[in-house]
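Asks: Return atomic coordinates for the entry below.
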Amino acid sequence: MNRLASILRGPGGALLYKEFLEAWRDRRALWMAICFSLMFPVMLAAGSVFMLKKHTEEDTRLALLGAAHAPLLEDRLRGGSLKVDALDGGDPAALLAGDYDIVLSVQDGFAEGYRNFEAPPLYLYIDSSSSAAVRAQRHLQERLGVFRQLVVQQRVIARGVAPQLLAPWHLEVRDVSTPSRRGAMLLAMVPGLLILTLFVASLATSVDTSAGERERLSLETLLLQPLPAWQVILAKTLAVASMGWAGALLALVALVSLMPLMPLAELGIQQATTASGVLTMGLLLLPLALLVAVVQILLALRSRSFKDAQTQLSILQVAPVVLLMMLDMSRAELGGFLWQLVPLVGQQQWLKALLVGETVPLMTLLAGSGATLLLVAVAIRFGATALQRESLLSAA
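Replies: Numbers count the residues shown, from 1 in each chain. Okay, here's the model as predicted:
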């Protein structure tokens with residue numbers, strides 16, 4: 001503690017003040033962090049409302065041709081979100097190009113075949129290039145399946161056969177998922193977006209404090225000061241991490257604030273995120289913010305120019321999110337203790353659990369955060385060695 005206090009009172013404290021001042025007075029970087037931090041929570045909330053509204057209010061329009069040949073069929077199909085219009089005639093292709101999602105045609109002789117216990121055909125016309133038609137087809141087939149089962153039971157009963165003989169078992173589907181698990185499915189993208197916010201919010205500051213200072217020749221002046229190289233890298237890392245961490249915290253607070261406006265209850269999801277959970281998520285993002293900051297600084301220092309650094313870091317900020325998405329899509333088992341020690345992966349799993357109110361063992365959080373901080377220390381040491389090379393200043 002005494003050594004830390006002496007560092008802060010000496011040139012190290014002045015350096016830290018200088019880095020924080022330059023990072024937070026850059027309006028361009030600050031507005032970039034604020035805009036992206038607020039953008040994805042708003043888009044997520046608006047998207048969930050739009051999806052639920054479309055799911056609940058979207059009707060299936062069915063054109064029934066030849067309804068006079070099967071009046072009972074028309075009555076059974078009507079109701080709910082399936083809107084049936086009985087038409088005397090028409091071209092199926094023209095009807096599909098108009099206001100109808102699907103067209104069902106009943107041919108002459110259907111009633112006679114039905115009375116003779118035959119299987120008269122029904123012709124279903126769809127446009128497979130339309131996503132609405134695929135959904136409508138599935139909806140109609142479910143309705144017809146229920147009606148067909150009823151007809152079969154009536155026919156076997158009329159012949160003195162017990163319906164149970166045709167159904168040796170009855171399958172009942174019971175969903176045992178909890179609201180927290182359903183919430184995890186809906187909010188699965190949130191941890192990746194929070195991690196992406198760390199990268200985006202700190203990108204401009206990390207480029208400016210490394211490649212930018214080298215092009216302005218202020219980095220050379222800084223290295224001439226009687227300061228250890230590791231203090232230079234550490235001060236820059238803390239300043240850049242503060243910007244990224246603040247952006248992630250802003251996004252997290254905005255997301256939790258918008259949750260009451262999201263239709264979570266309609267989707268069977270309980271809002272389980274508490275104030276302590278938000279605080280825990282914010283603290284868990286801090287070690288990752290430090291790691292992201294130091295990696296960005298090291299990549300920017302080894303780049304040839306300011307624009308080259310921007311290009312490299314732009315690619316870097318997309319790569320982790322793509323990796324996390326691939327792990328989610330592959331449904332890989334990431335619940336093991338060793339996976340919790342892997343940066344990005346561990347934070348993603350913890351954020352998923354905390355967002356839906358689940359608990360994470362304290363030892364797991366401490367071990368994973370410690371592993372991330374260890375990588376930060378290694379990166380700072382590597383950066384300090386890189387600053388001592390004269391070739392660094394001539395990279396531009």
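Asks: domain assignment for this protein?
Replies: Under automatic domain parsing, the residue ranges defining each domain of the chain are 12-49+180-392, 57-168.
Asks: from those, which stretch is densest packed?
Replies: Among the domains of the chain, domain 12-49+180-392 has the highest mean neighbour count (mean count of other Cβ atoms under 10 Å), at a mean of 18. (Glycine included, C-beta is placed from N, CA and C.)
Asks: Check the offset of it from the chain's centre.
Replies: Computed by Cα atoms, centre = their mean, to the nearest Å, the chain-centroid distance of domain 12-49+180-392 equals 16 Å.
Asks: average pLDDT for that domain?
Replies: Taken as a whole, domain 12-49+180-392 carries a mean pLDDT of 81.
Asks: Show me the strands in the stretch 1-150 of the chain, by range?
Replies: Secondary structure of the stretch 1-150 of the chain, counting by DSSP state E, counting those that start in this stretch: strands at 60-65, 82-87, 102-106, 122-125.
Asks: Tell me which of those sits nearest to Gly244.
Replies: Gly244 lies closest to strand 60-65 among those, at 46.8 Å (Cβ to Cβ).
Asks: and the angle from that closest one to strand 82-87?
Replies: Our comparison of strand 60-65 with strand 82-87, counting by axes from the mean of the first three to the mean of the last three Cα atoms, to 10 degrees, yields an angle of 30 degrees.
Asks: Now do strand 60-65: which elements does it pack against?
Replies: Using 3 or more Cβ pairs under 8 Å, 6 or more residues apart in numbering; DSSP states H and E, the elements in contact with strand 60-65 are helix 71-77, strand 82-87, helix 92-97, strand 102-106, helix 131-158.
Asks: try it again with 6 Å
Replies: Packed against strand 60-65 by the contact rule (3 or more Cβ pairs under 6 Å, 6 or more residues apart in numbering; DSSP states H and E) you find strand 82-87, strand 102-106.
Asks: Now do the longest one, average pLDDT.
Replies: On average, the pLDDT along strand 82-87 is 78.
Asks: Could you check the angle it makes with strand 102-106?
Replies: Using the same axes, to 10 degrees: strand 82-87 against strand 102-106 is 50 degrees.
Asks: Would you mind measuring from the residue most central in space within the chain to Ile315?
Replies: With distances taken as Cα atoms, centre = their mean, Met189 lies nearest the centre of the chain, 1.6 Å away. The span separating Met189 from Ile315 equals 21 Å under the rule Cβ to Cβ, to the nearest Å.
Asks: What of Arg304?
Replies: From Arg304 across to Ile315, the span is 15 Å (Cβ to Cβ).
Asks: mind checking how far the spatially closest residue to Leu140 that is not a sequence neighbour is from Gly66?
Replies: The shortest distance from Leu140 to any residue that is not its chain neighbour, by Cβ to Cβ, 6 or more residues apart in numbering, is 6.1 Å, and that residue is Ile102. From Ile102 over to Gly66 the distance is 15 Å, taken as Cβ to Cβ.
Asks: Please, where are all the helices along the stretch 101-250 of the chain?
Replies: Per DSSP state H, counting those that start in this stretch, the stretch 101-250 of the chain has helices spanning 110-115, 131-158, 179-186, 189-207, 213-215, 218-223, 229-258. These are given in chain order.
Asks: Quick one: mean pLDDT for the second one?
Replies: Put plainly, it is helix 131-158. Model confidence over helix 131-158 averages 75 on the pLDDT scale.
Asks: Alright, that wraps it up for me.
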